[in-house]
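1. Quick check, what structure comes out for this input:
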Amino acid sequence: MDAFLTAVNATLPTFFLVALGAFADKLFPNLSIETLSKLSVQIFIPALMFNALVGTSLSLSAALLLALGYMVYLLLLGLVSWFGSAGLSPSQKRGVMATALFGNTGNMGLPITLFAYGQAGLERAVVIFVISIIAMFAVGPTILSGSGESLGKRFWNAIRLPPFWATLVGVMFNVLRFPLPEMATRSITLLSGAAIPVMLISLGIQMRRSWVWDFGAAAIRTTFIRLFLGPLIAFGVAFFLRLEPLDSSVLILSAAMPAAVTMFVVAVEVKGDYSGVARSVVATTILSLFVIMAVIYFFPMA
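-> This next block holds a predicted model:
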C-alpha cells in the first residue's frame, strides 16, 4: 500500500501541473512558450542542477557509471527502434527512432524522480538529464532530417547550453568544497525552486498546442518501444552494470518517461515527420502515467 501511495503521490501532482499549463494556455492563448522555455533553459534549470550537485553525496565514479548506463541504454534502444520501425517510410522510420530514443527526462523526469526518490534521486536524474539533452540536440536533428552534415556543429551547440556548464560548475564546487556566500546560496535556491513548476506548465502549453487524437502505426510502435521495451532494456543494463538500487531505479524510471516534446519542435525545424512525432508524443504522454506509476511501485526507494 505504501508503495502504491508513493507512486500516486509522485506522479499525479506532476500531471496536474501539466494539465494546469494546458488550461492556462486555453485561458491565455497568447502566452509566449518561447519566453518560458528560454527562462527555463537559461536560468531556472541551471540553478536547479547546480543546487542539486553542489551539495550532493553522489560520488564521481557512481555518476560516471550511471552516465555510462544511460548511454548504453540509448544505444540499445536505438538499435531496437531501428528494427522495430521496419516497413515504415524513411521519414516515419526516422520519426520513430527520434521519439523512441529521447524521453522527457527534464520537464517530467526531474520532478517525478524528486517526488519518488527524494533529493538523492534528483541528483541522479540530473546526471541522466545532462546526457539526454546533449544527445537530443546533437543527434536528434540529424536523425529526423536524415542528414549528418552538421553533427559536429550541433554537438558543440548542445554542450554550450547553460545546464551543461551548471553541472560542471556544481560538481567542481562540490569536489573542491568551495564556499558560497549566503546571499548566493539563497538566490540560487529560489531560482531552482521555480524550475519544476515552470517546466511542467510549459510542457502543458506545448502539449495542448501539439495535441492530436488520431494515432497511426508509427505512434503505436513508438509507444511500445519507448514505454514497454525501454524500461526492460534499462533494467537489463542496470543489472549487467550492477548499479546500486537507487541508481537502477532512477535509470529505469527515466526510461519510462514519454517522448520529449522537444522532438516535435525539432521535427518542424528540420522538416521531418512532425505530424507523426506529434502523435507519438501525445500517445506516450497519455500511457506514461500508468507505466511511471508501475515503475515507482515495483522499484521503490531503497
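2. pLDDT weak spots in this structure?
-> The chain contains residues with pLDDT under 70 at 1-3, 145-155, 157-158, 212, 214, 264-274, 301-302.
3. which residues in it form helices?
-> With helices called from DSSP state H, the chain shows them at 2-27, 33-39, 45-54, 60-84, 90-101, 109-145, 151-159, 162-176, 182-209, 217-223, 230-241, 245-255, 262-269, 274-298.
4. Including mean neighbour count, could these go into CSV?
-> All C-beta spots, glycine's among them, are computed from the backbone N, C-alpha and C. As requested, these are exported to CSV (neighbours: other CB atoms under 10 Å):
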stretch, mean neighbour count
helix 2-27, 16
helix 33-39, 14
helix 45-54, 25
helix 60-84, 17
helix 90-101, 26
helix 109-145, 23
helix 151-159, 14
helix 162-176, 17
helix 182-209, 18
helix 217-223, 23
helix 230-241, 19
helix 245-255, 25
helix 262-269, 21
helix 274-298, 22
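5. So G230 is in contact with F102, correct?
-> No: checked against CB atoms under 8 Å, the pair G230 and F102 is beyond contact range at 10.9 Å.
6. Tell me the spacing between the residue nearest to G55 when sequence neighbours are not counted and N51.
-> Nearest residue to G55, sequence neighbours excluded (CB to CB, 6 or more residues apart in numbering): N174, at 6.9 Å. Counting by CB to CB, to the nearest Å, the gap between N174 and N51 amounts to 11 Å.
7. cool, I143 as well?
-> I143 is 33 Å from N51, by CB to CB.
8. Could I have the CA atoms of stretch 118-135 written out in CSV?
-> Coordinates of the C-alpha atoms in stretch 118-135 are reproduced here as CSV (Å, rounded to 0.1, in the frame of the first residue of the first chain):
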residue,chain,number,x,y,z
GLY,A,118,13.8,12.5,-2.9
GLN,A,119,16.9,14.7,-3.3
ALA,A,120,19.2,11.7,-3.8
GLY,A,121,17.1,10.6,-6.7
LEU,A,122,17.1,14.1,-8.2
GLU,A,123,20.9,14.3,-8.1
ARG,A,124,21.0,11.1,-10.2
ALA,A,125,18.2,12.3,-12.5
VAL,A,126,20.3,15.4,-13.2
VAL,A,127,23.2,13.2,-14.5
ILE,A,128,20.8,11.5,-16.9
PHE,A,129,19.3,14.8,-18.0
VAL,A,130,22.7,16.2,-18.9
ILE,A,131,23.5,13.2,-21.1
SER,A,132,20.0,13.4,-22.6
ILE,A,133,20.0,17.0,-23.7
ILE,A,134,23.4,16.7,-25.3
ALA,A,135,22.3,13.6,-27.2
